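Novice: just to be clear, the model below is a prediction. Sequence and coordinates:
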There are 2 protein chains.
Amino acid sequence: MTVRELPVLTQPDVVVCCAPLAAEVLAEADAVTLAKQFAALADPVRLRVLSLLATAPGGAVCACDLVEPLGKSQPTVSHHLKVLRDLGLVTSDKRGRNVWYAVVPAALEALRSALATR
Amino acid sequence: MTVRELPVLTQPDVVVCCAPLAAEVLAEADAVTLAKQFAALADPVRLRVLSLLATAPGGAVCACDLVEPLGKSQPTVSHHLKVLRDLGLVTSDKRGRNVWYAVVPAALEALRSALATR
DNA sequence: AGGGAACATCGACGATTGTCAATATGTTCC
DNA sequence: GGAACATATTGACAATCGTCGATGTTCCCT
């Protein structure tokens, strides 16, 4: 178990990929970009990572506290965290030998807006 | 080219899978279900299908009018439509020898709500 | 009845993905 | 410095996925 420390501070700028699906026909290039983002959500482990981070008090969780609740090996968890971070859905913050992860709410909001039907 | 006819009528009931990610920790079974839905969005062709349907006047498009704008073979388009339909993201309506597809807005809304950050 | 059109299904192929064991890198503390 | 710990990376494997050509099925039209 790990002691919770500072809440996560800086949130990176989020680039909104494209207009809502229903607003105009999605261009091919935008579709590829958007598909990659949704692919990050297309895995049960990654969804649970996001949920664990989003519901954590302070909004951040040490990587060491994710392995056990996820029931996956440490390398597998590390892999999923990398996927989420590379796509800008989470941020990481190294503190000593631990790394704290937090969701980037604006990134999730951007994906939500792409799905707006009206 | 095909003449547009009746707008699509009946919208199926949509089952909301789970509470927002940030509301409570996602259960494993729910995570699997949600991941399958997002997997349907994790492909550029399917995103463009949804966009073509959502932006079409009348809200429905004949399958025959999807092949050319998508730039994929007819079997490939048919495959993607099946994926979307099996997951309840679109409905199909057979009219003569054509099949008309339309988005199920409630299904997209359900996915949006899962991503709500607060 | 028969020809043709629209859509679905099948089978096969290359590419990508999730997983873990093993190992590497980096950090803390004695 | 060296041991112990936390995380990341590598390599390998099975499984899934997107794609297309070929074929099947259903419907319309004459």
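Specialist: Sure thing, it's come through. Numbers count the residues shown, from 1 in each chain, chains lettered A, B, ... in the order given.
Novice: for chain A, what lies in contact range of DNA strand C?
Specialist: A:39, A:42-45, A:72-76, A:79-80, A:83, A:94, A:96-97 (C-beta under 7 Å from any atom of the strand). Every residue, glycine included, has its C-beta placed from N, CA and C.
Novice: can you rerun that using 6 Å?
Specialist: A:A39, A:D43, A:V45, A:K72, A:S73, A:P75, A:T76, A:H79, A:G96, A:R97 (C-beta under 6 Å from any atom of the strand).
Novice: filter these down to the ones near DNA strand D?
Specialist: Contacts with DNA strand D within these, counted by C-beta under 6 Å from any atom of the strand: A:P75, A:H79, A:R97.
Novice: out of those, who's nearest B:L34?
Specialist: A:H79 (19.7 Å; C-beta to C-beta).
Novice: does chain B sit close to the strand or helix carrying that closest one?
Specialist: Per DSSP states H and E, A:H79 falls inside helix A:74-86. No. For helix A:74-86, no contact with chain B is found by C-beta under 8 Å from any C-beta of the partner chain; the gap never falls below 11.9 Å.
Novice: average pLDDT across that helix?
Specialist: Averaged across helix A:74-86, pLDDT comes to 98.
Novice: and that helix, what does it pack onto?
Specialist: Using 3 or more C-beta pairs under 8 Å, 6 or more residues apart in numbering or on different chains; DSSP states H and E, the elements in contact with helix A:74-86 are helix A:44-55, helix A:67-70, strand A:90-95, strand A:98-103.
Novice: circling back to that earlier point, name the nearest of the residues of chain A next to DNA strand C relative to A:A116.
Specialist: Nearest to A:A116 among the residues of chain A next to DNA strand C: A:A39, at 20.0 Å, using C-beta to C-beta.
Novice: show me what from chain A comes close to chain B.
Specialist: A:21-26, A:28, A:31-32, A:34-36, A:38-39, A:41-48, A:50-52, A:54-55, A:69, A:103, A:105, A:108-109, A:111-112, A:115-118.
Novice: filter those down to the buried ones.
Specialist: Neighbour-count burial (16 or more other C-beta atoms under 10 Å in any protein chain shown) applied to the residues of chain A next to chain B gives A:21-22, A:25-26, A:31-32, A:34-35, A:38-39, A:41-48, A:50-52, A:54-55, A:103, A:105, A:108-109, A:111-112, A:115-117.
Novice: before we move on, back to that, got the angle between the helix holding A:H79 and strand A:90-95?
Specialist: Per axes from the mean of the first three to the mean of the last three C-alpha atoms, to 10 degrees, the angle that helix A:74-86 makes with strand A:90-95 is 120 degrees.
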